[in-house]
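In: 3D, please:
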Amino acid sequence: MTLWLTGDPDADRLLDGDPFALLVGMLLDQQVTMESAFAGPAKLATRMDGFDVRRIAEADPDEFVRLCATPPAVHRYPGSMAGRIQAVAAAVLEQYDGDVTRLWTDDDPDGPTVLRRLKALPGFGDQKARIFLALLGKQRGVRPAGWREAAGAYGDADARRSIADVTDPASLAAVRETKKAAKAAARASR
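Out: Model (predicted):
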């Protein structure tokens with residue numbers, strides 16, 4: 001299945017073909033729209049003439065902030081996100097020799113192990129790690145034993161909760177409605 005996460009064919013093609021770009025898109029998915037977050041790697045790829053974990057990890061931090069802040073910015077908070085992108089790139093480089101797929105392939109891990117590895121990455125808390133695990137399982141065919149359970153509600157087959165469930169404009173709208181309803185319920189319970 002070809003990914004449809006941004007509505008931009010070039011950005012989606014990068015996410016589809018580069019697991020590290022997909023990871024960075026997930027990292028950026030906070031305080032901006034999902035499509036904007038997942039379009040961030042394509043913006044960087046254009047500015048860096050490619051998307052390479054080593055080049056990102058080893059880039060001069062000030063120059064990398066400038067790349068992230070160049071309009072249109074990679075994120076609403078380009079400075080802090082530049083640091084997070086470089087930190088996750090450095091972790092992937094150091095712990096997995098630059099191959100992000102080793103998070104879910106090394107030693108044939110089960111779902112809870114993959115979740116634990118994701119949560120160990122800079123910028124990946126519990127919720128973000130669960131959503132990414134669900135994205136891997138639902139749209140990338142990465143389905144280690146127990147992945148749905150480890151992903152929690154995000155792993156539910158018919159869910160419309162997160163980017164893991166976005167496959168076209170209609171599913172994006174459904175996820176937005178679910179999020180809107182959850183926020184309204186949270187406000188009402190206060």
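In: CA only for contacts and neighbour counts going forward, please
Out: OK.
In: From Ala145, how far out is Phe38?
Out: 27 Å (CA to CA, to the nearest Å).
In: More neighbours: which of the two?
Out: Remark: of Phe38 and Ala145, Phe38 carries more neighbours, 31 against 14, as counted by other CA atoms under 10 Å.
In: I figured the more buried one was touching Gly7, is that so?
Out: No. Counting by CA atoms under 8 Å, Phe38 stays clear of Gly7, with 9.9 Å between them.
In: Need the overlap of contacts for the two.
Out: By CA atoms under 8 Å, 6 or more residues apart in numbering, Phe38 and Gly7 have no common neighbours.
In: so what's the residue nearest the centre of the chain up against?
Out: With distances taken as CA atoms, centre = their mean, Met26 lies nearest the centre of the chain, 1.5 Å away. Contact partners of Met26, counting by CA under 8 Å, 6+ apart, are 37-38, 128, 132.
In: Which ones among those residues lie within helices?
Out: 37-38, 128, 132 (DSSP state H).
In: Looking at those, which one is closest to Thr101?
Out: Phe132 (12.6 Å; CA to CA).
In: Burial check on that closest one, number of neighbours?
Out: Based on other CA under 10 Å, the number of other residues close to Phe132 is 25.
In: Which per-residue confidence value corresponds to it?
Out: With respect to pLDDT, Phe132 scores 98.
In: Test my guess that it contacts Ser162.
Out: No. Counting by CA under 8 Å, Ser162 is not a contact partner of Phe132; they are 9.4 Å apart.
In: Now the helix or strand of the chain with the lowest mean pLDDT: buried residues?
Out: Here the helix or strand of the chain ranked lowest by mean pLDDT, DSSP states H and E is helix 169-188, holding a mean of 93. Going by neighbour count (16 or more other CA atoms under 10 Å), the buried part of helix 169-188 is 171-172, 174-176, 178.
In: still on that earlier bit, how confident was the prediction at the residue nearest to the centre of the chain?
Out: 98.
In: name the element it belongs to?
Out: In this assignment (DSSP states H and E), Met26 forms part of helix 19-28.
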